[in-house]
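>>> Kindly return the folded structure for what I paste below:
(one chain, ligands or ions: 2)
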Amino acid sequence: MTVSSNIRPWQSPEETQEDLDWANLTIIDLAHFDEPGQKQILANQLKEASNSDGFWAVINGGFDQNDINEAFAYGRSFFEDYTEEEKKALEVDFTTGNYFGYKVRGNKPVFGTQVRDNTETLNIAKFTKDDTFAEYHKNNFIQNNHDKLAQLSRKVFEVARKLFILFAIILELDENYFVDRHLYDDPSDDSLRFMKYHPRTKEEDAQVENIWARAHTDFGSLTLLFNQVVAGLQIKLADGEWKYVKPVTGGLICNIGDTLNFWSGGYFKTTIHRVVRPPEDQVNAPRIGAFYFVRPGDKAQIQIAPSPLLKRLGLYRETEPIGGTEYVRKRVKDYHDVKGYNKQADKVFKLGEFEVIDGFN
Ligand SMILES: O=C(O)CCC(=O)C(=O)O
Ligand SMILES: [Fe+2]
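Ligands and ions are numbered 1, 2, ... in the order given. I've put the predicted structure just below:
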């Protein structure tokens, strides 16, 4: 067994010198969140972002660039310090629709070619008070770093909790409307994710239109991405143009997923995004990703929130509630329990009145 209580420090790769077409992300500074009057100010800023690009960056939510580098150091340790056998001790079983554990690289062909996907992924379930997900923590990496990962998972969730308060304020709901539906200690398929992209050759990438992660929207309520220095993540703006997400030192890049979009009657935008082959000066840099995905669980019934704002805007209607976990598992299964990653352009995923476009060109 590889014991790695000594995690090697992470050296952030150099930023690209290429002049890429960057998106203008709003920066939400949480430094003064708890001071009187601040939440309303931040809610106004977030309203703009969530209503237009659906992506923004958070700073001072308890993370600085050192904390972010530390998270990357843990991610790298999993991918590089553990054997295939140790990693596979906890392998994802997509037939169940839960996405906990390890997904090997290259398990599926892309766009009907011979080229295979280039990502290794580890999804770490929550560390709740009742240890609800203990069975999904059974691998050497998680065991060796249990307390640290538990701390990291809760700490990043705290940023999401603050954002949920702002979303409720925007919709003129009780401040805890979304907080109560996304409690860390309630069971839900949230995950702290580490991901590693393995560069392919130029020729291989050309066969799959240089796509490293096909266009999609995120399944859950909120996604937080630890500042990614290696360019490649692109968002699709309302005018159809793709823009790169620029690194934000010390920032967490956040975006709205399909469930929060539904909860808000479509008011909070869920933005299509993808990952393309990085620029040539970064293509061989290690592209490790660290994320937190917040997803509704059993206690969260997804339905359009009875928001005064949505009512005024004509976006409110009564909807039949959908169980959070039921939705998440069906969606994961539908997306991943397949023979290959194809475009499936305009394919629709439907559960009750909840419809999501699930494939894009
Ligand atoms: O790796 C990235 O930059 C984004 C990946 C992503 O969109 C996802 O895993 O949902
Ligand atoms: Fe995504």
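>>> alpha carbons only for contacts and neighbour counts from here, please
Fine.
>>> Assign a three-state SS to Gln282, would you?
The three-state label given to Gln282 by DSSP: H, G, I helix; E, B strand; the rest coil is coil.
>>> That one reaches Val230, doesn't it?
Yes: in this structure Gln282 lies within contact range of Val230 using Cα atoms under 8 Å: 6.3 Å.
>>> Quick check: neighbours shared by those two?
Between them, Gln282 and Val230 share these contacting residues under Cα atoms under 8 Å, 6 or more residues apart in numbering: 13-16.
>>> Show only the entries of those found in helices.
Nothing among the shared contacts of Gln282 and Val230 maps onto helices, per DSSP state H.
>>> give me the residue from the stretch 151-300 of the chain nearest ligand 1.
Leu233 (4.6 Å; Cα to the nearest ligand atom).
>>> Tabulate the CA atom coordinates of stretch 178-185 in PDB.
Output in PDB follows, covering the C-alpha atoms of stretch 178-185 (Å, rounded to 0.1, in the frame of the first residue of the first chain):
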ATOM      1  CA  PHE A 178     -32.400  26.700  -0.800                       C
ATOM      2  CA  VAL A 179     -30.100  26.200   2.200                       C
ATOM      3  CA  ASP A 180     -32.700  23.900   3.800                       C
ATOM      4  CA  ARG A 181     -33.000  21.900   0.600                       C
ATOM      5  CA  HIS A 182     -29.200  21.400   0.400                       C
ATOM      6  CA  LEU A 183     -28.000  20.600   3.900                       C
ATOM      7  CA  TYR A 184     -24.500  19.100   4.200                       C
ATOM      8  CA  ASP A 185     -25.600  16.500   6.700                       C
END
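>>> Tell me how many other residues surround Arg287.
By the other Cα atoms under 10 Å criterion, the neighbourhood of Arg287 contains 24 residues.
>>> Can I take it that Phe262 is in a strand?
No: assignment of Phe262 by three-state DSSP gives helix, placing it outside any strand.
>>> number of nearby residues for the closest residue to it other than its chain neighbours?
If the residues on either side of it in the chain are set aside, Phe262 comes closest to Ile304, at 6.2 Å by Cα to Cα, 6 or more residues apart in numbering. Neighbour count for Ile304, taken as other Cα under 10 Å: 23.
>>> Thank you, goodbye.
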